[in-house]
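Participant: based on what follows, work out the 3D shape:
(one chain, ligands or ions: 4)
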Amino acid sequence: MIPGAAEHDVDLTFDEREIDQALSVGPEDVSPAPTLTFARNVFVPLTTACRYTCTYCTYYDPPGRATLLSREEVREILERGVEAGCTEALFTFGDDPDDRYTAVHDQLAEWGHDSIHAYLREMCDLALDVGILPHSNPGDQTEEQMAAVSEVNASMGVMLETTADVQAHGGPRAKSPGQRLATIRTAGELGVPFTTGILVGIGEGWRDRAESLLAIRELHERYGHVQEVIVQPVSNNERWREGSPELETMRRTVAMARATLPEEVSVQVPPNLAPVRELLDCGIDDLGGVSPVTTDHVNPDYAWPALRELEDIADGAGVPLEERLPVYDRYVESEWISERVRRGIDVLTRSPLSSRA
Ligand SMILES: O=c1nc2n(C[C@H](O)[C@H](O)[C@H](O)CO)c3cc(O)ccc3cc-2c(=O)[nH]1
Ligand SMILES: C[C@H]1O[C@@H](n2cnc3c(N)ncnc32)[C@H](O)[C@@H]1O
Ligand code: MET
Ligand code: SF4
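Facilitator: Ligands and ions are numbered 1, 2, ... in the order given. Predicted coordinates for the structure are as follows:
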């Protein structure tokens, strides 16, 4: 049983046979993708406050140090993004930051907001005004929280991380796999194009990886909302010293993801954290959000490769590199996309992505 699944009323029905099937997949069983995509983004770390303390994460600050970006700071980042031709504003920050930190709560109140989601909504609105599409990943969300921001986001996301009960999520404040799955399900119920993924090397085993991918597949089969699944290797930093997964582990996991997930769901590996050249034959078809402007605030020691290097990676594999929006094409014309976001998309696509700087 997946920890927290019963509590969050998540019932998944895959069986042992499907797990065995996923476990039997290797790189030789999948084909390389015919194209590689990426999105040009700016990272907007709204706050470093977080209710959790994942042991692999350097992003969160202890209470007292945590900060909140002001509207003007956010505007400045967004404008730099637009100038650099970015299409995505990646809003990602600590989970429920106002829950544990009175300073964050008080600052929000001073700015006239009763929750981080109310502020996020205003910042997404600002992004659309400035001319860039919001993709928010605020961690776990209730239906009410997600509904408050879904119509001002082109897509949203949360990493499942793993369905296993790992020590990295231990302690009194721990991510619950059941709650993560409930967040992914909520996105499906609300019709939000969604990004999720697994974090590899945090203490999970092969069976857990198979189970995590099957859980994502089942939720996607119900709602059709998963646009991409990130296979992210955990990276070393000053809090996490247990190392990153071996190349062979990444190769088998990417192949497992490709073989387990339906064809329309992209398999993304971030080029700053993994040797993507050596994973292309395992079925990656997306390199995720890459920023010409901001650092990866979650993994600040790992710089983004230049766009020229992405071209080089695609060339090496003999496939075209294509820029995409934070929302995948198949959702753009659907009723899931609000009028407000559609207008933002129209403005961006009037100047073809391929002809931009
Ligand atoms: O720069 C990063 N982008 C991350 N992204 C952004 C992602 O690369 C792109 O924003 C998506 O591909 C959407 O275009 C995430 C998005 C999610 O929805 C969920 C998790 C992540 C994780 C990261 C991350 O660690 N670093
Ligand atoms: C936004 C996402 O960043 C990921 N994340 C957090 N810390 C690390 C790390 N050390 N290495 C790789 N990914 C990490 C988690 O998967 C989170 O969901
Ligand atoms: C640095 S993690 C950012 C998003 C959120 N706190 C999560 O873990 O999912
Ligand atoms: S990974 Fe996300 S939830 Fe975990 S401590 Fe870092 S910011 Fe918080």
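Participant: list the contacts of whichever residue of the stretch 151-300 of the chain sits closest to ligand 4.
Facilitator: As assessed by CB to the nearest ligand atom, ligand 4 sits closest to residue 175 within the stretch 151-300 of the chain, at 6.2 Å. Heads up, the C-betas are built off the backbone N, CA and C, glycines and all. Counting by CB atoms under 8 Å, 6 or more residues apart in numbering, residue 175 makes contact with 52, 54, 95, 140, 161, 169.
Participant: how about the residues of the chain near ligand 3?
Facilitator: 50, 57, 59, 92, 94, 95, 137, 139, 158, 159, 298 (CB under 6 Å from any ligand atom).
Participant: helix/strand/coil for the second one?
Facilitator: Same thing as residue 57. coil (DSSP: H, G, I helix; E, B strand; the rest coil).
Participant: pretty sure it sits against residue 299.
Facilitator: No: here residue 57 does not reach residue 299: they are 9.7 Å apart, not a contact under CB atoms under 8 Å.
Participant: so in the protein, where's the weakest helix or strand by average pLDDT?
Facilitator: In the chain, no helix or strand scores lower on mean pLDDT, DSSP states H and E than helix 97-100, which sits at a mean of 84.
Participant: I'd like the next helix or strand past that one.
Facilitator: Downstream of helix 97-100, the next assigned helix or strand under DSSP states H and E is helix 102-110.
Participant: buried stuff in stretch 274-281?
Facilitator: 274, 276, 279, 280, 281 (16 or more other CB atoms under 10 Å).
Participant: pLDDT added to those residues, as CSV?
Facilitator: Compiled in CSV, those are given as follows (pLDDT from 0 to 100):
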residue, pLDDT
274, 97
276, 97
279, 98
280, 97
281, 97
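Participant: before we move on, back to that, among the residues of the chain next to ligand 3, which are in strands?
Facilitator: Using DSSP state E, 92, 137 are the members of the residues of the chain next to ligand 3 that sit in strands.
Participant: circling back: ok, so of the contacts of residue 175, who is nearest ligand 2?
Facilitator: Nearest to ligand 2 out of the contacts of residue 175 is residue 161 (CB to the nearest ligand atom; 5.5 Å).
Participant: how close does that closest one sit to residue 1?
Facilitator: 17 Å (CB to CB, to the nearest Å).
Participant: who's more crowded, those two?
Facilitator: The neighbour comparison of residue 161 against residue 1 (other CB atoms under 10 Å) goes to residue 161, with 24 against 8.
Participant: now the nearest residue to that one once chain neighbours are set aside. Its backbone dihedrals?
Facilitator: Nearest residue to residue 161, sequence neighbours excluded (CB to CB, 6 or more residues apart in numbering): residue 199, at 4.6 Å. Dihedral angles of residue 199 (phi, psi; degrees, to the nearest 10) stand at phi -100, psi 120.
Participant: contact partners for residue 199?
Facilitator: 56, 159, 161, 162, 232, 233, 234.
Participant: likewise for residue 177?
Facilitator: By CB under 8 Å, 6+ apart, the contact set of residue 177 is 2, 3, 4, 5, 160, 161, 162, 163, 164, 165.
Participant: could you tell me which residues of the stretch 251-357 of the chain lie near ligand 2?
Facilitator: So far as CB under 6 Å from any ligand atom goes, the stretch 251-357 of the chain lies against ligand 2 at 273, 298, 299.
Participant: filter the residues you listed to the buried ones?
Facilitator: So, by 16+ other CB under 10 Å, the buried ones in these are 273, 298, 299.
Participant: pretty sure the first one contacts residue 235?
Facilitator: Yes: the pair formed by residue 273 and residue 235 meets the contact definition of CB under 8 Å, at 5.3 Å.
Participant: residues bridging contact with these two, i.e. touching both?
Facilitator: Common neighbours of residue 273 and residue 235 (criterion: CB under 8 Å, 6+ apart): 244, 299, 302.
Participant: need the residues of the stretch 201-350 of the chain near ligand 1, please.
Facilitator: Counting by CB under 6 Å from any ligand atom, the stretch 201-350 of the chain comes close to ligand 1 at 228, 230, 268, 288, 289, 296, 298, 299, 326.
Participant: just send these back as TSV, with distance to ligand 4, pLDDT and secondary structure too.
Facilitator: Output for those, formatted as TSV (distance: CB to the nearest ligand atom, whole Å; pLDDT from 0 to 100; DSSP: H, G, I helix; E, B strand; the rest coil):
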residue	distance to ligand 4	pLDDT	secondary structure
228	19	98	strand
230	13	98	strand
268	18	98	strand
288	17	97	strand
289	16	96	strand
296	13	92	coil
298	7	93	coil
299	11	93	coil
326	19	98	coil
